[in-house]
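In: Sequence and predicted structure are below.
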Amino acid sequence: MANVISDETIEYVGILAKLDLSDDEKEQAKKDLEEMLDYIDELSELDTTGVEPMSHVFPVNNVFREDVVVNGDDSDNILKNAPEEKDNMFLVPKTFD
């Protein structure tokens, strides 16, 4: 194991995560984190030249669509429901001064 995590680091991580770990749990967490860091080091040894980075596991297409008017301009019928109308808009009373 190349990576060694100190007891102070485990203590600090426990405080940040708001965990109250027993001594056995701290030792196990320390061992697990060291193994994870060793594995990350092992992965960094892989030759990734020519491998395009990806941001999603699945291919992502543009999820935006073009705005298409489907109902047309029916403002005359809509404004029939307005209590008052001015300049082709709803006219509503003030709610505050």
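Out: Arrived safely.

In: Which residue ranges of this protein form strands?
Out: 85-86, 89-90 (DSSP state E).

In: Need these in a markdown table (columns: mean pLDDT and distance to E42).
Out: Every residue, glycine included, has its C-beta placed from N, CA and C. Formatted as a markdown table, the strands of the chain follow (pLDDT from 0 to 100; distance: least, Cβ to Cβ, whole Å):
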| stretch | mean pLDDT | distance to E42 |
| --- | --- | --- |
| strand 85-86 | 88 | 71 |
| strand 89-90 | 87 | 65 |
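
In: so which of those gets nearest D73?
Out: Across the strands of the chain, D73 has its closest neighbour in strand 89-90 (13.5 Å, Cβ to Cβ).

In: Contacts made by stretch 27-34 with the rest, please.
Out: M1, N3, V4, I5, D7, I10, V13, G14, L21 (Cβ atoms under 8 Å, 6 or more residues apart in numbering).

In: Of those, grab the buried ones for ChimeraX.
Out: Under the burial definition 16 or more other Cβ atoms under 10 Å, those of the contacts of stretch 27-34 that qualify are selected in ChimeraX by:
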select :5,10,13,21
